[in-house]
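S.K.: model the following, please.
(chains A and B)
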Protein chains: 2
Amino acid sequence: MNFHYPSGKKYAVAKSTSSKKQTPKAPTQFGKRGMSLEDELNESNQFYLAHGIAVIHKKPTPIQIVKVDYPKRSAAVIREAYFRQASTTDYNGVYKGYYLDFDAKETKRKTAFPLDNFHAHQIRHMKACLAADGICFTIIKFVELDQIFLLPATNLFFYWDRQQTGGRKSIPLSYIKENGYLIKYRLNPLIPYLKAVDQLLIEQYEGEHNAKE
Amino acid sequence: MNFHYPSGKKYAVAKSTSSKKQTPKAPTQFGKRGMSLEDELNESNQFYLAHGIAVIHKKPTPIQIVKVDYPKRSAAVIREAYFRQASTTDYNGVYKGYYLDFDAKETKRKTAFPLDNFHAHQIRHMKACLAADGICFTIIKFVELDQIFLLPATNLFFYWDRQQTGGRKSIPLSYIKENGYLIKYRLNPLIPYLKAVDQLLIEQYEGEHNAKE
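M.R.: Numbering: from 1, shown residues only, chains lettered A, B, ... in the order given. Here you go, the predicted structure:
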């Protein structure tokens, strides 16, 4: 089935996926309906890995294991365990010799990104990584607008730190548009966020550091 | 309790830890008896983090969750889950802008390190990281000798690849001594492996890449 949007552009469904209650507001060309940002990123990371471009993984969820059964002749079964709060961000890896570290967040808000999506320990972790010369950012998806941005960690810190002293509790979309990088859905990979990282490297790092390539 | 070794050196127990069946062969000065290499590395990584030197974490064990209970007014309890095989190495992080990626392995052997300590997917992961200009290595502890080495991934690959075509199934200690970096126990941090990384960077990378510092 093909959709024809007012712009005349054809909407190509990349794979058959269900649309899960989402009403697309913008004429996204390749976005897969019903996929979470996490799924989309994992698929993109698989593409980058398979093509030798970057090695970036989502870290496993940290679990506190309390009780494990070891049945005879079969795999160990965890019978009691609890979710622990992660002390770091969700994603990290290597691209062109650079250490990348980021979190991915979705919001249904349309005009601003609420800061309560972050925990203090994640901000602390990103600040530590930045101090060790890592490349830190957050990937923000405005679900209702179907728009994804890469926002450098320093811009996030600006709002986070100001919030501590009574500043607003969200980052305005206008600020994100101005200081972040719009990531447009593609087919391969689905979310080509390393293009945004390239821009970030050029604008923010090449001046300070010697380029490694 | 103080131990006096034939060398006359005093063995200082840093914290009260049990000695767990280990017969120390070498007069380690600061090594903590009964601590696993993982514990020692985690403690060292905490030191590096607290001092703003590097941000390196052990990844959580990947778990396949099958059943979760959500009791009223208390935390979710995982009731059935299984251990999954990790698709990466255990440790990664950032140091001076470099992406570090490594595994840590112990052996009770005294003359060689058995290659069956590694899985094919770990080797594949390290090769991918190296191709993306990451700094990859393995930290090997010879428990009985109480000696720890950092062995660059390329040296590991040499023996791993040769094994596939009928080569020996272990890396001789003499080879590790010659091509790796001995890491001596210290107090802060317990395992100062970033010193070995510094040497590795100087010897293997500074020539090829522009130094980032």
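S.K.: give me the nearest residue to A:Pro60, chain neighbours excluded.
M.R.: B:Pro62 (4.1 Å; Cβ to Cβ, 6 or more residues apart in numbering or on different chains). In this view, the C-beta of every residue, glycine as well, is placed from N, C-alpha and C.
S.K.: so the one you found makes contact with B:Arg84?
M.R.: Yes. The criterion here is Cβ atoms under 8 Å, and B:Pro62 meets it with B:Arg84 at 4.3 Å.
S.K.: got the end-to-end distance for stretch A:137-150?
M.R.: 7 Å (Cα to Cα, to the nearest Å).
S.K.: now do the SS call for the residue lying farthest from the centre of chain A.
M.R.: The centre of chain A is farthest from one residue, A:Lys72, which by Cα atoms, centre = their mean lies 41.6 Å away. In three-state terms, and counting by DSSP: H, G, I helix; E, B strand; the rest coil, A:Lys72 is coil.
S.K.: repeat for A:Leu41
M.R.: Assigned by three-state DSSP, the conformation of A:Leu41 is helix.
S.K.: now it: how far from B:Asp39?
M.R.: 32 Å (Cβ to Cβ, to the nearest Å).
S.K.: what about these two, which has more around it?
M.R.: It is A:Leu41, of A:Leu41 and B:Asp39, that has more neighbours when counted by other Cβ atoms under 10 Å in any protein chain shown, with 24 against 13.
S.K.: about what we covered before: residue contacts, the residue nearest to A:Pro60?
M.R.: Remark: with contacts taken as Cβ atoms under 8 Å, 6 or more residues apart in numbering or on different chains, B:Pro62 is in contact with A:Pro60, B:Phe83, B:Arg84, B:Gln85, B:Ala86, B:Ser87.
S.K.: residue contacts, the first one?
M.R.: Yep, that's A:Pro60 we're talking about. A:Pro60 neighbours (Cβ under 8 Å, 6+ apart): B:Lys59, B:Pro60, B:Thr61, B:Pro62, B:Ile63, B:Ala86.
S.K.: cool, the third one as well?
M.R.: B:Arg84 sits next to B:Pro62, B:Ile63, B:Gln64 when contact means Cβ under 8 Å, 6+ apart.
S.K.: return the member of those nearest to chain A.
M.R.: Nearest to chain A among the contacts of B:Arg84: B:Pro62, at 4.1 Å, using Cβ to the nearest Cβ.
S.K.: and after the longest strand along chain A, which helix or strand comes next?
M.R.: Assignment by DSSP state E gives strand A:98-107 as the longest strand of chain A. Sequence-wise, the next helix or strand downstream of strand A:98-107 (DSSP states H and E) is strand A:112-114.
S.K.: just the mean pLDDT for that next one, thanks.
M.R.: When pLDDT is averaged over strand A:112-114, the result is 97.
S.K.: do the same with stretch A:120-131
M.R.: On average, the pLDDT along stretch A:120-131 is 96.
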